[in-house]
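Peer 1: sequence first, then the predicted structure, then my questions.
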2 protein chains.
Amino acid sequence: VRTLALVAEYDGTGYCGFQRQAAAPTIAGELESALATLLGEEVHLVAAGRTDAGVHATGQVVSFTTSSDFALQRLAIAVNGLLRERRIAVLRAIQRPADFSARFDALARSYRYRILNRVAPSPLERLRAFHVSAALDLEAMREAARLLEGEHDFAAFSAHDPRASHTTRRLSSLRITRDAEHVNLDVTADSFLHHMVRIVTGTLIEVARHKRSPASVAELLAAGSARARAGFTAPPHGLYLTHVLYADPV
Amino acid sequence: VRTLALVAEYDGTGYCGFQRQAAAPTIAGELESALATLLGEEVHLVAAGRTDAGVHATGQVVSFTTSSDFALQRLAIAVNGLLRERRIAVLRAIQRPADFSARFDALARSYRYRILNRVAPSPLERLRAFHVSAALDLEAMREAARLLEGEHDFAAFSAHDPRASHTTRRLSSLRITRDAEHVNLDVTADSFLHHMVRIVTGTLIEVARHKRSPASVAELLAAGSARARAGFTAPPHGLYLTHVLYADPV
C-alpha cells in the first residue's frame, strides 16, 4: 500500500465543488472515478482545500492510499487520458510517507482572487475573473489588507456560524497587485474559514470603491462576530486555489 | 446616416466563425441581431478580419452605417447588455468618416497565437491555447521566423488555391516570446491568406521540434506554391485577432 499525492488543476465551472456528492458532478467524483478505473480499486481522496462550486484551482493537492503498483511516472498522463473531456488535469504525482494527509499536513494554503477592472466585460475572462467596472482605489485596499494580516478572529469574514468552531486564523500575507486590466489578490493563511477569501475580497472591493473605510476592517475583526457586517461575498469564478505548502514540498 | 466602428472581443468557442450564416451561430449574426434590436433597423457589419470557427478576438474592428441617432457614448454598454449571455463584448464605439470601411481601410492586422508548452494539459486554458507537450527550440523557431518577415509569396502557407488570387503579403513582424509556460507568436501583416497564421504556426512548431530545418521555410516561400508542403495547420483555439491598425486609430 502506497500513499500518493497529486497536484491538480481544474476549471471549477459546472462542478458542484470539490467534495463528492451522490447525484452532482464534483471534482472529487470525477478524479476518484478516473483513478478507480486506472488502479482497479476504489479511491478516496483527501484534499488540501475543499473548494466551492465554481472555484478553480491551479495547485490543489490531494492524497490517497492505493494497493495498486501502477507506475508513478505514468500516473499523471494516464489519469489525464481518462479525464480528456473533463475540466480537470493532474500536473504531477508523487509518493509520500504512509501517514501523509494532503489536508492535515498542509502548513498553508494560497489563493488568488482575480478581478477584471475595466469598463467592458470580457467574454474571454467570463468565468475566469470577477468583472468590476468601477474605479478601484488600490492604496485604500492595501491599507485595509495590512489590517487583516496576522492572527485574528475572522468570524466576521465567514459564512459559518462562528459558535460552531474555532474562527481564529493566521493570515500570513495579503497582497494586492495590478497587472494591466486585472487586480489580483494573493492571500496565504494556515487555513481559511468557509467563504473567507470571497468575503475578504468583497469587503476590500467596498473599501476600494470608498463604500467603507480601511479602518472599518479592523472594527470587523475586533467585533469577532458574524453579526458584524462585512462586505458582500465575491462570486466563486474569480477564485483560484494556487498553492499548498508542506514541510516537504509536493 | 452615420458610419460607426466598434472594437470587439469574443470567445470564438462554439461559433462557426465571424461571417453570418443562415443556420449557424456566428459572431456577425449575434452582433448584427443585438445592434438591430438596439437601433431599430437592419445592420450589416464589415469586419477587419473574418476569423474562422473557434478563433478568438481581443481587438476585432467592425464598421457599419446607421440612420439611428442612438447616443454613441451609451452604445457599447447597451449592446453588451443585450449580449449578456453571449460570448461577445463591444469594448468601444466611435464615429468614423462616411466612407470608412473596417476592412478596406485597415493598414495591418495583428494576431497572437498562444501555445501552452508544458507536459500536462491545462483545463483552464483548454480552448484558449494550443497544448504542445514536447520541448520547443525557440532559437530555431526565431531563425525561421526571420525568414518569413518581409514581402513574400505566401501561397505555400495558405489553405486557398493559390491560382485564385494574389498571394503576396507583407509580413512586417513575427515575434516569438516565452512567458512562463506559454510560447506566444505575435504576427503583423497588411493582410493574411486563409489559415495563414495557423499554417505558419504549425510550420514553426515543426521547426521548434527539429522536424524540419529553419532554412526549409525559405524553400517553401521560394516554391511559391500550395504544392510545397508547409507544416500542419495549428488548431483555431490558440489564435487571437489582437489589433487592427488604421491611419486614424480606432
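Peer 2: Sure, I can see it. Numbering: from 1, shown residues only, chains lettered A, B, ... in the order given.
Peer 1: and stretch A:84-101, what's buried?
Peer 2: A:86-91, A:93-94, A:96, A:100 (16 or more other Cβ atoms under 10 Å in any protein chain shown). For the C-beta atoms, the positions are set from N, CA and C on the backbone; glycine is no exception.
Peer 1: overlap between those residues and the residues near chain B?
Peer 2: Contacts with chain B within those, counted by Cβ under 8 Å from any Cβ of the partner chain: A:86-91.
Peer 1: state the distance from the residue sitting furthest away from the middle of chain A to chain B.
Peer 2: Computed with Cα atoms, centre = their mean, the residue of chain A farthest from its C-alpha average is A:Asp69, at 31.3 Å. Applying Cβ to the nearest Cβ, to the nearest Å, the value for A:Asp69 to chain B is 23 Å.
Peer 1: am I right that that residue is in a strand?
Peer 2: No - using DSSP: H, G, I helix; E, B strand; the rest coil, the assignment for A:Asp69 is coil, not a strand.
Peer 1: picking up where we left off before, with respect to pLDDT, which of the ones next to chain B among the buried residues of stretch A:84-101 ranks lowest?
Peer 2: pLDDT is lowest at A:Arg86 among these; the value there is 79.
Peer 1: what residues does chain A put near chain B?
Peer 2: So far as Cβ under 8 Å from any Cβ goes, chain A lies against chain B at A:9-11, A:56, A:58, A:76-77, A:80, A:86-92, A:119-124, A:126, A:128.
Peer 1: can you rerun that using 6 Å?
Peer 2: Neighbours of chain B within chain A, by Cβ under 6 Å from any Cβ of the partner chain: A:9-11, A:80, A:87-89, A:91, A:120-121, A:123-124.
Peer 1: among the residues you listed, name the ones in strands.
Peer 2: A:9-10, A:88-89, A:91 (DSSP state E).
Peer 1: just the strands in chain A please.
Peer 2: Along chain A, counting by DSSP E, strands occupy A:2-10, A:46-47, A:56-66, A:88-96, A:108-116, A:130-131, A:150-153, A:168-179, A:182-189, A:239-245.
Peer 1: report the angle between the last one and strand A:56-66.
Peer 2: Here the directions of strand A:239-245 and strand A:56-66 differ by 50 degrees (axes from the mean of the first three to the mean of the last three Cα atoms, to 10 degrees).
Peer 1: would you mind getting the angle between strand A:239-245 and strand A:168-179?
Peer 2: Interaxial angle, strand A:239-245 versus strand A:168-179 (the same axes, to 10 degrees): 120 degrees.
Peer 1: how far away from the center of its chain is strand A:239-245?
Peer 2: 5 Å (Cα atoms, centre = their mean, to the nearest Å).
Peer 1: elements contacting it?
Peer 2: With contacts taken as 3 or more Cβ pairs under 6 Å, 6 or more residues apart in numbering or on different chains; DSSP states H and E, strand A:239-245 sits against strand A:56-66, strand A:108-116.
Peer 1: repeat that with 10 Å
Peer 2: strand A:2-10, strand A:56-66, strand A:108-116, strand A:182-189, helix A:196-208 (3 or more Cβ pairs under 10 Å, 6 or more residues apart in numbering or on different chains; DSSP states H and E).
Peer 1: before we move on, what about the fifth one?
Peer 2: Contacts defined by 3+ Cβ pairs under 10 Å, 6+ apart place strand A:108-116 against strand A:56-66, strand A:130-131, strand A:168-179, strand A:182-189, helix A:196-208, strand A:239-245.
Peer 1: that one pairs with which strands?
Peer 2: As defined by DSSP bridges, the strand partners of strand A:108-116 come to strand A:130-131 (parallel), strand A:182-189 (antiparallel), strand A:239-245 (antiparallel).
Peer 1: reformat these as JSON lines; add distance to B:Ala134, mean pLDDT and mean neighbour count.
Peer 2: Shown next, in JSON lines, are the strands paired with strand A:108-116 (distance: least, Cβ to Cβ, whole Å; pLDDT from 0 to 100; neighbours: other Cβ atoms under 10 Å in any protein chain shown):
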{"stretch": "strand A:130-131", "distance to B:Ala134": "36", "mean pLDDT": "98", "mean neighbour count": "20"}
{"stretch": "strand A:182-189", "distance to B:Ala134": "30", "mean pLDDT": "98", "mean neighbour count": "20"}
{"stretch": "strand A:239-245", "distance to B:Ala134": "26", "mean pLDDT": "98", "mean neighbour count": "23"}
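Peer 1: and A:Leu35, how far from chain B?
Peer 2: Counting by Cβ to the nearest Cβ - A:Leu35 and chain B are separated by 16 Å.
Peer 1: thought A:Leu75 was touching that residue, still the case?
Peer 2: Yes - with contact defined as Cβ atoms under 10 Å, A:Leu35 reaches A:Leu75; the gap is 8.7 Å.
Peer 1: show me the shaky parts of chain A.
Peer 2: Chain A contains residues with pLDDT under 70 at A:160-164, A:226-228.
Peer 1: across the sheet, point out what pairs with the residue nearest to A:Ala189 when sequence neighbours are not counted.
Peer 2: For A:Ala189, ignoring the flanking residues on the chain, the nearest one in space by Cβ to Cβ, 6 or more residues apart in numbering or on different chains is A:Leu171 at 4.5 Å. Beta bridges link A:Leu171 to A:Gly150, A:Ala189, judged by DSSP bridges.
Peer 1: show me the contacts for the nearest residue to A:Asp153 once chain neighbours are set aside.
Peer 2: In this structure, A:Asp153 finds its nearest non-sequential neighbour in A:Gly224, 4.1 Å apart by Cβ to Cβ, 6+ apart. Going by Cβ atoms under 10 Å, 6 or more residues apart in numbering or on different chains, A:Gly224 touches A:152-156, A:162, A:167-168.
Peer 1: before we move on, the earlier item: farthest pair in the residues of chain A next to chain B?
Peer 2: For those, the maximum inter-member distance is 35.0 Å, found between A:Asn80 and A:Ala120 (Cβ to Cβ).
Peer 1: quick check: closest non-adjacent residue to A:His210.
Peer 2: Nearest non-adjacent residue to A:His210, counting by Cβ to Cβ, 6+ apart: A:Asp137, 6.4 Å away.
Peer 1: returning to what we had before: list residues touching both of A:Leu35 and A:Leu75?
Peer 2: When contacts are counted by Cβ under 10 Å, 6+ apart, the set common to A:Leu35 and A:Leu75 consists of A:4, A:6, A:66, A:68, A:90.
Peer 1: just the buried residues from those residues, in ChimeraX please.
Peer 2: The ChimeraX selection below is limited to those of the shared contacts of A:Leu35 and A:Leu75 classed as buried (16+ other Cβ under 10 Å):
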select /A:4,6,66,90
